[in-house]
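Q: How does the following fold in three dimensions:
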Amino acid sequence: MKAFLLVLVRPDVDVADEAALRAAVAAAMAPHAEASDDPGEDAGDHGRARRWDYYLLCTRDILPEWPDPAFTARAPDGPRVARAGDVRAWPHALLTPDGRWHESRATYQATDPHWPATAAGLVAPYADHHALLVLYHA
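A: Below is the predicted model:
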């Protein structure tokens with residue numbers, strides 16, 4: 001399954017420094033990585049489920065349009081970033097700075113009508129953080 005994720009990054013990370021943004025996302029994503037093909041191994045450190053096997057930071061090349069004008073990219077191949085408090089369109093999942101991964105209950109057949117309010121509530125305490133869009137595969 002491929003889905004979009006919003007990764008919240010500390011506000012002291014310089015958005016003009018793409019390497020710093022990528023490093024911050026990598027550090028946040030690492031505890032949730034799939035480490036093996038063993039189906040019995042379903043939790044990482046601290047009981048976190050393994051959520052992805054690869055991911056890409058969304059750029060305008062990867063994601064030409066996103067239904068939220070808050071996301072900008074400094075260059076066509078640069079990551080899409082927004083101030084978390086300005087986000088209004090919610091992807092399938094969120095990764096908050098406390099290391100918790102939150103997912104919508106939407107499926108291919110049904111939407112999750114509560115997800116927009118849930119996502120907004122999860123992001124509210126981190127309104128001053130940077131939000132980066134990530135495409136991940138699980």
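Q: Just list what the helix or strand containing residue 119 packs against, helices and strands only.
A: Assigned by DSSP states H and E, residue 119 belongs to helix 115-123. Contact analysis of helix 115-123 by 3 or more C-beta pairs under 8 Å, 6 or more residues apart in numbering; DSSP states H and E lists strand 2-9, strand 93-95, strand 101-103 as its packing neighbours. From N, CA and C alone the C-beta is placed, and that goes for glycine too.
Q: list the helices and strands the very next helix or strand once past the first one packs on?
A: Going down the chain from strand 2-9, the next helix or strand is helix 18-29, by DSSP H and E. Helices and strands touching helix 18-29, as assessed by 3+ C-beta pairs under 8 Å, 6+ apart, comprise strand 2-9, strand 54-57, strand 130-137.
Q: Next, format these as a markdown table and append mean neighbour count and distance to residue 108.
A: Converted to a markdown table, the helices and strands packed on helix 18-29 look like this (neighbours: other C-beta atoms under 10 Å; distance: least, C-beta to C-beta, whole Å):
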| stretch | mean neighbour count | distance to residue 108 |
| --- | --- | --- |
| strand 2-9 | 22 | 11 |
| strand 54-57 | 17 | 21 |
| strand 130-137 | 22 | 16 |
